[in-house]
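> sharing a model prediction with you, sequence too.
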Amino acid sequence: MERDDRELLESWREGDAQAGNALFARHFDTVSGFFVRRAPDAVADLVQTTFLACVESRDRFRAESTFRSFLFGVARIELLAFYRKRRGKEVDFTVSSIADLARTPSSLVAAQAEVNRLHEALAAIPADLQMALELHYWEGLTGPELADVLEIPVGTVRSRLRRGREQLHERLKKAGAQIPGLGDDFEQHLRARRPD
C-alpha cells in the first residue's frame, strides 16, 4: 500500500531517507515546473531548498490542506526569499512581475548587447529605411504621418517599411542576433527595443 504524503513527510522528518526520496520523486516535476517559469536560472537550488523547508516546517502542515498546497506555499516563500536576496531588498509580488525580478546583471548586459546590435544594424541600412522604421516603431507615426515626414506617397510607406524590415532582419541575422522571423513577432521585437 502506497503511503500518503503526510506519512512520507513525517517519516522523512524522523530520518527515513527512502520516505524523503519517495516524496521528492512524487512532487519533483510539479515543483520544478513552478520554478522553471519563475526563476529558470535557479531551479535546482530552489527545488532543494523548498523540500528542505517542507521538512523543517512540517508542523505548519495542517490536515485540512493538501500536501501540494503546503508545498506550493513553501515554494512561494522560497521564491520570495530568492528574489529578495538577489535584489537586496523587499519584493512585492503584487506589484513586481517575474520579468522585472528575473533581470540579473548578466541578463541586463546581454539585453544591452542585443540593443546595441539592433542599433548597429539600423545604422547600416539606407537612411530613409532606417528613419522610416524608427519613426514608425519607436515614435508611433502612422502611414500618412510617415508619408508627410518622408515626402513620399502613402502607398510607398508600406513598401519602404517592408524593405526596411527585410534589410534590418538580414543584417541582424548576419550579426548573429537572436531574432524572430519576419512578421508580427519581429515587429514586436523592434517596438520593444525603443531607446530611452
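Received it, and whenever you're ready, just let me know what you need. Numbering: from 1, shown residues only.
> in the protein, which helix or strand is least confident?
Least confident helix or strand, the chain: helix 98-101 with a mean of 63, by mean pLDDT, DSSP states H and E.
> starting at the chain centroid, how far to the helix or strand hosting Glu170?
Using DSSP states H and E, Glu170 maps to helix 154-174. The chain centre lies 28 Å from the centre of helix 154-174; the measure is Cα atoms, centre = their mean, to the nearest Å.
> repeat for stretch 6-26
For stretch 6-26 - counting by Cα atoms, centre = their mean - the centre lies 33 Å from the chain centre.
> and the protein, what are its domains?
Domains of the chain are assigned by automatic domain parsing as 5-101, 105-192.
> now render those as JSON lines, adding mean neighbour count.
Backbone N, C-alpha and C define where each C-beta goes, glycine included. Converted to JSON lines, the domains of the chain look like this (neighbours: other Cβ atoms under 10 Å):
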{"stretch": "domain 5-101", "mean neighbour count": "15"}
{"stretch": "domain 105-192", "mean neighbour count": "15"}
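> please, where are all the helices along the protein?
According to DSSP state H, the chain carries its helices in the segments 5-13, 17-36, 43-56, 67-87, 98-101, 105-123, 127-133, 143-150, 154-174, 184-192.
> check the ones you listed for me: which has the lowest mean pLDDT.
Of all the helices of the chain, helix 98-101 carries the lowest average pLDDT, namely a mean of 63.
> how much space separates the closest residue to Phe72 other than its chain neighbours from Val43?
Nearest residue to Phe72, sequence neighbours excluded (Cβ to Cβ, 6 or more residues apart in numbering): Phe34, at 6.7 Å. Distance, Phe34 to Val43, using Cβ to Cβ, to the nearest Å: 9 Å.
> repeat for Glu187
In terms of Cβ to Cβ, Glu187 sits 32 Å off from Val43.
> with Gly155 instead?
For Gly155, the distance to Val43 - Cβ to Cβ - is 51 Å.
> same deal with Pro144?
For Pro144, the distance to Val43 - Cβ to Cβ - is 50 Å.
> which residues touch the nearest residue to Met131 once chain neighbours are set aside?
Leaving out its chain neighbours, the residue that sits closest to Met131 by Cβ to Cβ, 6+ apart is Leu150, at 7.0 Å. Contacts for Leu150 were tallied using Cβ atoms under 8 Å, 6 or more residues apart in numbering; they are Asp128, Met131, Ala132, Val157, Arg160.
> mind checking how far the second one is from Ala17?
This points to Met131. For Met131 relative to Ala17 (Cβ to Cβ), the value is 67 Å.
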